[in-house]
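Engineer: One predicted model, sequence on top.
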Amino acid sequence: MVKTRQVVQEIKKKAGLQEVAPKRTQTFVVDVDFWTSQDLSILDSKANLSKVQFGLPPKHVFYSNESSTFKVVPGNFSEGFYLNKGSLGNDVVQLGGLHLTNITFAQINQIAWRYNEEPIDGILGISPHISWQHIPSFLAQISDQLDQPIVSIFNDGNVYSNGSGQLTLGGEDLDNCQSN
């Protein structure tokens, strides 16, 4: 396994996420959730999108049959805060410059308000809390694939800014964050 260099992903409340497999690359727009979610969840191809608000960009959904590396994970997913439900799967994920293997994630097929009202295809939960799903949290799953088990979060979210930030996986953000 090749260790990654420090990866800096510019985020503006959203991050680009790609599922990478030899058959077809599937790309998603995910909301980075720092506080309430510990898991990666993506809209599944079986999701009912009929209540998505008019005017939102088209949703991108995950087609498990389009991935040659996808594996079904026994069990169901029920997200407490966002009220989404679905099944579990495992695949290879590309996040920024990181190529992450053996990632278990939720395939959302019963969606709640958030997916209907926001231009997102998934949620990347990086809260440090233990996952409610009895699976390792997203951060726990990627920690051994990083140069260092460090996550730095810089959020310029104040009344006078544009809400941009920076997520650094596998190293310290020495430009924006203090080490204390």
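Structural biologist: Received, thanks.
Engineer: Is R114 in a helix, a strand, or coil?
Structural biologist: Following DSSP: H, G, I helix; E, B strand; the rest coil, the label given to R114 is helix.
Engineer: Please, which helix or strand holds the residue nearest the centre of the chain?
Structural biologist: Computing the C-alpha centroid of the chain and ranking residues by Cα atoms, centre = their mean puts L124 first, at 2.5 Å. L124 is part of strand 122-125 when elements are defined by DSSP states H and E.
Engineer: Kindly report the same for I142.
Structural biologist: Counting by DSSP H and E, I142 is part of helix 138-142.
Engineer: before we move on, back to that, so what does the strand holding L124 touch, helix or strand wise?
Structural biologist: strand 14-19, strand 26-33, strand 40-43 (3 or more Cβ pairs under 8 Å, 6 or more residues apart in numbering; DSSP states H and E). To be clear about C-beta, it is placed using only N, CA and C from the backbone, and glycine gets the same treatment.
Engineer: where in the chain is pLDDT low?
Structural biologist: 1-23, 80-82, 132, 158-163, 179-180 (pLDDT under 70).
Engineer: Strands of that one, start to end?
Structural biologist: Using DSSP state E, the strands found in the chain span residues 7-11, 14-19, 26-33, 40-43, 71-78, 85-95, 98-110, 122-125, 151-155, 165-169.
Engineer: The residue lying closest to K85 once chain neighbours are set aside: how many residues sit nearby?
Structural biologist: Excluding its sequence neighbours, the residue lying closest to K85 (Cβ to Cβ, 6 or more residues apart in numbering) is Q110, at 3.9 Å. Summarising burial for Q110: neighbours were counted as other Cβ atoms under 10 Å, giving 15.
Engineer: quick one: contacts for Q110?
Structural biologist: 47-48, 84-86 (Cβ atoms under 8 Å, 6 or more residues apart in numbering).
Engineer: Likewise for D44?
Structural biologist: 61-62, 64, 86-87, 107-109.
Engineer: what's the spacing between G89 and G157?
Structural biologist: 32 Å (Cβ to Cβ, to the nearest Å).
Engineer: neighbour-wise, which of those two wins?
Structural biologist: G89 (21 against 11).
Engineer: So in terms of bridging, what pairs with that one?
Structural biologist: In this structure, G89 bridges to V72, F105 when assessed by DSSP bridges.
Engineer: Great, nothing more from me.
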